[in-house]
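Q: here is a sequence together with a model predicted from it:
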Amino acid sequence: MPSTVSLPDDWPARPDRSLSLNRMGSFDWDLVTGLMHMDAPALNVFDTLPADYDERPESLSPRVPPAEAVRLDALVSAALKGGSDSYGAYFRIRCRDGRLRWTHTQGRVMRNEDGRPYRIIGIVRDATEELSHSAERLGLDEERRRQTSVVEGTTAALAHARTVRDVIDALSDSQGLERLGTMGMVMGLVEAGRIHLVAEGPEGSFVPGTRYTRVDEQYPMSEVVRSLQPRFIDSAYEFAASYPGLWSKVSSMRISAAAYLPLIAQGRPIGAIGLLYEDKDGFTQDERNLLVALGSSIAQSLQRAMLLEQEHDLAEGLQQAMLPRRIPAVPGAQIAVRYRSARMGRDIGGDWYDVIPLPGGRVGAVIGDVQGHDTHAAAVMGQLRIVLRAYAAEGHSPATVMARASVFLHELDTDRFATCTYVEADLATGVLQLVRAGHLDPLLRSRDGDCRRLPVEGGMPLGLSAEFGRLEYPVTTVELDPGETLLLCTDGLVEQPGADLDDGIQQLTAMVRGGPQDLQLLADRLVEVADERGGDDDIALLLLRRQAEDAPRAGGRLQQHVAPGDPEALVSARHMIGAAVHAWGARGRADEIELVADELIVNALMHTDGPAIVTLRVLTGPERRIRVEVEDRSSALPRRRDAGDTGVSGRGLMLVDRLADGWGVESRGSGKCVWCEFVMT
């Protein structure tokens, strides 16, 4: 006969006992009232005391990290809205002692006749042991993909960093912190035995007294710089025990783990980075290897950025040394100048500006650009600027200044050419003489704010015109009225990648038209817009405004040197005379004045050695007069000669005597001055 087997009194076990022994509990969630009943085993899974739970899901928030809560809410919402009858998920909870452990929940959704959910009945269980075997193996590939994504994303972000600020921004902004999986980041650079904190995050987390710390102090960044080894802190307890002074200042940040990495470049520490974590329980060996590799990549990017900044500062210093140290005060004018170097390492350029005081109260304004984006372009620019300045100060005409500068550049031991615009301005009269060598046309802003392109007839770029024997530079003469502004710039201000140059000039014209009235603010605004747009070229900008309050009411003065054998200077002088006569309101006698002045200039060049100096001025008195003076180096006085019935020579002084209201000759040192005056009608 079979033996009799006695069974336990509580056999078979009740469901609640089976659940409890297997560390499982149940819950019943009433979606109408929002109340959720949890039995004792379920509360035990959540490591929550019955007294701390009021049957509302919000009571469990201290146990569920924020990221896990968001994920669970999204999962349940998707099940309810999608018509699903069940859901399940793994998630982590934080125990009362601060440890994280895996948990699993499974729920059954109850719906009424019209499909509306009104109740969820389910279970929760401790999944720590389960995940330590199967789930960890299943998630290994996903973790490796995540680590690969961290490396690729961070490396891609750092690839675009060209400055230390770029590196910091790539790591400390919200996207950078999300890539690294951290809640905050600190970075320090080694400077003369100290660590300078250059970044901290999140915003508002700066710890007073840590901006500069010594390498020998008891701080984690100091430690990794001294040892050249990373420091991984697996828990808040370890952080507090190892660095009590720092922990007392950061304990409110809820840091559960941290990784401090030395930034090593070429075998020496250049800084350290600290990554701060919330809801993290230590570091696996794979995570440690990943962070060490990232630290090396960050260090290389940081060193590259530091070297680029040093090279850029060196090149920019050279460029600034070549530019004028100061802009002279010019009576009757407001002037604003700006220079902004390129933003690509050593890629500065040969852009320059200059303002040159000239004889007779005139002023020269120059804008130019030497071909290339390197220190050689800056060096050539410096030499060309000085030479052009010297030629202008000697009193040569604008066309001659350009021609001689072109010859100088051609004879210089370089293969570079340059574009340039040179303006000679008489601010008393507003007469401008402009010469353009392959450069952009200037812009003219009127007193009421309107702006237009100012067409200037041009010649070839400097250097090329000498190489091809085409040194002709036509002079364009215009009048600058009181309150009007002349704008000269290099192409870096208007060029945009992939856009037509004319479109850039139109956009610049619109910006000038709608820009501030104040000259300095206008210059700042134009450069700021160019910075925002980006670009790889440097920028030079010169604004010249004729001041209305300083404009002369009764007269003005213009002067021009005309060298023998220089037809361009003679043409330039004729342009100056014509523009001045019209500017001074003597249009009725313009032909007479131009004819007489031309006769005196030609006589001086034909009958004397050396240049002629032509001066026009307005004389005040009972009647306003225009006075024309032509100086030369000869002391021989002019005399009238009878030209005869068929002669073509000898009629010059007769013409002067007939057309002018008065004329005469004055001694001037070793030479003389022939003058004539015209009453302005």
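A: That came through fine. The structure presented is a predicted model; accordingly, all values stated were derived computationally and were not measured.
Q: neighbours of the closest residue to E623 other than its chain neighbours, how many?
A: Nearest residue to E623, sequence neighbours excluded (CB to CB, 6 or more residues apart in numbering): V679, at 5.5 Å. Using the backbone N, CA and C atoms, a C-beta is placed for each residue, glycine as well. When counting by other CB atoms under 10 Å, one arrives at 14 neighbours for V679.
Q: what's opposite V679 in the beta bridge?
A: R625 (DSSP bridges).
Q: next one: G88
A: Beta-bridge partners, per DSSP bridges, of G88: Q106.
Q: what's the spacing between it and R63?
A: Distance of G88 to R63, computed by CB to CB, to the nearest Å: 19 Å.
Q: please say which of the two ends up with more neighbours.
A: R63 (21 against 12).
Q: isn't that one up against F46?
A: Yes. Between R63 and F46 a contact is recorded at 5.0 Å, counting by CB atoms under 8 Å.
Q: okay, and the common contacts of these two?
A: Shared contacts of R63 and F46 (CB atoms under 8 Å, 6 or more residues apart in numbering): I93.
Q: tally of neighbours for G588?
A: 11.
Q: quick one: contacts for it?
A: T681.
Q: please enumerate the strands of the stretch 101-250 of the chain.
A: For the stretch 101-250 of the chain, the strands defined by DSSP state E, counting those that start in this stretch cover 117-126, 184-191, 194-200, 212-214, 231-233.
Q: pipe these into a markdown table and attach mean pLDDT per row.
A: A markdown table is the format used below for these (pLDDT from 0 to 100):
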| stretch | mean pLDDT |
| --- | --- |
| strand 117-126 | 92 |
| strand 184-191 | 86 |
| strand 194-200 | 85 |
| strand 212-214 | 87 |
| strand 231-233 | 92 |
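Q: would you list these in a markdown table and tack on distance to L501 and mean neighbour count?
A: Listed next are those as a markdown table, based on distance: least, CB to CB, whole Å; neighbours: other CB atoms under 10 Å:
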| stretch | distance to L501 | mean neighbour count |
| --- | --- | --- |
| strand 117-126 | 65 | 18 |
| strand 184-191 | 42 | 21 |
| strand 194-200 | 40 | 19 |
| strand 212-214 | 49 | 14 |
| strand 231-233 | 56 | 20 |
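Q: mind checking which of the ones you listed is nearest R452?
A: strand 194-200 (47.5 Å; CB to CB).
Q: need the contact partners of that closest one.
A: By CB under 8 Å, 6+ apart, strand 194-200 touches 164, 168, 171-172, 184-190, 206-207, 210-215, 219, 221-222, 225, 271-272.
Q: redo that, cut-off 6 Å
A: 168, 172, 186-189, 206, 210-214, 221 (CB atoms under 6 Å, 6 or more residues apart in numbering).
Q: please name the nearest non-neighbouring residue to the residue most central in space within the chain.
A: For the chain, the residue sitting closest to the mean C-alpha position, by CA atoms, centre = their mean, is D531 at 3.7 Å. In this structure, D531 finds its nearest non-sequential neighbour in R340, 6.9 Å apart by CB to CB, 6+ apart.
Q: now swap in V571 and tell me
A: Nearest one to V571, counting by CB to CB, 6+ apart, is V475 at 6.8 Å.
Q: let me see the contact set for that neighbour.
A: Listed by CB under 6 Å, 6+ apart, the contact partners of V475 are P398, A399, Q433, V435, S572, H575.
Q: farthest-separated two in the residues you listed?
A: Taking CB to CB, no two of the contacts of V475 sit farther apart than V435 and H575, at 10.9 Å.
Q: more neighbours: which of these two?
A: More neighbours surround V435 than the other of V435 and H575, with 27 against 21 (other CB under 10 Å).
Q: need the nearest residue in space to that one, chain neighbours excluded.
A: P398 (4.3 Å).
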